[in-house]
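Student: Model the following, please.
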Amino acid sequence: MLNIATSIGQELLVSKKVPRSDLAAQWASLDASGRIDAFSDWLQTSENQRSLFVFDDIDGFKPEEALLLAIPEGPGNLLCSSRDPNILRNLGRLGEAVSLSPMAPNETVQLMENILAMDTSLPLEQRPSCEELSAISGAIYGHPLAACRAVIYICDKISPTAIDSPAKEFLDILRGSEWKWRRNFLDFRPRFGRSIMDTFEASLDRMEPSKKVYAEWVLTFAAFVSPSAVNRAFVDFRPFFQQDRPWLAQLIEDLPDFELFSESKIALMEGLSELEKTSLWCRSLTSSSSLGSPPIHPLWLECICHRVGPAGRLSSLRQIRLLCEVSIARHEMVELFERFKINALNVATKFGVEPAELNLSERAEKWLSAKK
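Tutor: Numbering: from 1, shown residues only. All right, here's what the predicted structure looks like:
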């Protein structure tokens, strides 16, 4: 707000009937708070009732009190952008919420073609075909940011050393088990702009600190149990956290996240609430199916798998394996937990984790055998 007020400057005081000869001196005498007040007063003048005030990315204002103060009451038309689908309700403002729908596959391809059209370095024989761009769009699940970064990554990083098609090499990176290559793409920053991982981290940083641990924990385990590598479908991960586990304390030594699992329903509730505010989780309003489109974009699931690092991945996978084996042995939602286990093992393969690394401890094996 101060930046906006300063950019307009002394003209904000004209509506206060200040003589023009005194505008500069009076403006110079105002401190930061006074200049913001002058801007707010100016917005409520009659001349601004037909104005359009555009407030992009209002979630960036922290703390919440600053956000409420930053949104002006005065202008007749106020257009705000937010990742929080409930921002209008929470602000208590009259208005209309408009949601942006995901890009269609042909729109994603067109976006990449537009970027390619501006590139002058890529040799003609290396330019991706429409079919290759369509395959890339599918591999990134149509994410606009990933589409933009993919084209520049292909042009700047892959093409100089590519023997075959750079686009094909890029697709092999996305689909392969060499996770360090995928991480290299996620960390790629064009000359102007942020990387995909930068954007992901920015979303996490906007969460309420006391709830962020829940969001990151839920996101991590969802990344392993939800996606299916076989049919690219996604299993509803919520039952994994909602399962009653009265026996949990007996396996405390094999569960590094015991404290979170012991309050997993609260963690799920608080975690999803924070994830929704940043659009990392989008609830479906039309389907209650447990198998379908991902409520968390696969790009973000990939990011969190990289973010937790090798040790974090191994720890999470071992706990998932143990909890799934127990539920299966106890005949609790066997089909669903078999699916969770298979999905986790497939993700493990994509990150080079060997099945032997996920073997249960001798203590857990003995406990599990006694329950069968």
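
Student: Domain-wise, how is the protein divided?
Tutor: Here the domain assignment for the chain is 2-91, 116-199, 207-278+291-371, based on automatic domain parsing.

Student: How far does the first one sit from its chain's centre?
Tutor: A distance of 30 Å separates the C-alpha centroid of domain 2-91 from that of its chain, computed with CA atoms, centre = their mean, to the nearest Å.

Student: and if you look at the second one?
Tutor: Per CA atoms, centre = their mean, the displacement of domain 116-199 from the mean C-alpha position of its chain is 20 Å.

Student: Quote the end-to-end distance of that domain.
Tutor: Domain 116-199 has an end-to-end distance of 23 Å (CA to CA, to the nearest Å).

Student: Now it: average pLDDT?
Tutor: The pLDDT scores in domain 116-199 average 95.

Student: returning to what we had before: and the domains of the chain: which comes nearest residue 97?
Tutor: Closest to residue 97 of those is domain 2-91 (CB to CB; 4.8 Å). Backbone N, C-alpha and C define where each C-beta goes, glycine included.

Student: Strands of the stretch 101-250 of the chain, start to end?
Tutor: 234-235 (DSSP state E, counting those that start in this stretch).

Student: where do the helices sit along it?
Tutor: In the stretch 101-250 of the chain, helices defined by DSSP state H, counting those that start in this stretch lie at 105-117, 130-139, 144-153, 166-175, 179-186, 196-205, 209-225, 238-242, listed in chain order.

Student: Ok, the stretch 251-372 of the chain next?
Tutor: Using DSSP H, counting those that start in this stretch, the helices of the stretch 251-372 of the chain run over residues 258-262, 264-277, 298-307, 309-329, 334-350, 362-371.

Student: Tell me where the model's unsure across this protein.
Tutor: In the prediction, the chain carries residues with pLDDT under 70 at positions 15-16, 66-67, 69-76, 229-230, 284-293.

Student: Pretty sure residue 150 is one of the things residue 196 touches, is it not?
Tutor: No. Using CB atoms under 8 Å, residue 196 makes no contact with residue 150, being 9.7 Å away.

Student: out of those two, which sits in the more crowded spot?
Tutor: Neighbours were counted for residue 196 and for residue 150 using other CB atoms under 10 Å; residue 150 has more, 28 against 23.

Student: I'd assumed residue 140 was in contact with the more buried one.
Tutor: Yes. Residue 150 lies in contact with residue 140 (CB under 8 Å); the separation is 6.4 Å.

Student: picking that back up, out of the helices of the stretch 251-372 of the chain, which gets nearest to residue 180?
Tutor: For residue 180, the closest of the helices of the stretch 251-372 of the chain is helix 298-307, at 9.4 Å, according to CB to CB.

Student: And that closest one, what does it pack against?
Tutor: Helix 298-307 is packed against helix 179-186, helix 196-205, helix 209-225, with contacts defined by 3 or more CB pairs under 8 Å, 6 or more residues apart in numbering; DSSP states H and E.

Student: With respect to burial, which of the ones you listed scores highest?
Tutor: The highest average neighbour count among these, using mean count of other CB atoms under 10 Å, belongs to helix 209-225 at a mean of 21.

Student: Next, the angle from that helix to helix 309-329.
Tutor: If you take axes from the mean of the first three to the mean of the last three CA atoms, to 10 degrees, helix 209-225 sits at 70 degrees to helix 309-329.

Student: and the closest residue to residue 198 other than its chain neighbours, how many neighbours?
Tutor: Closest residue to residue 198 apart from its sequence neighbours, by CB to CB, 6 or more residues apart in numbering: residue 189 at 7.1 Å. Residues near residue 189, counting by other CB under 10 Å, number 13.

Student: Look up how far residue 199 lies from residue 189.
Tutor: 11 Å (CB to CB, to the nearest Å).

Student: circling back to that earlier point, could you save the helices of the stretch 101-250 of the chain as TSV and add columns showing distance to residue 358?
Tutor: Below are these laid out as TSV (distance: least, CB to CB, whole Å):
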stretch	distance to residue 358
helix 105-117	36
helix 130-139	27
helix 144-153	29
helix 166-175	22
helix 179-186	16
helix 196-205	26
helix 209-225	11
helix 238-242	16
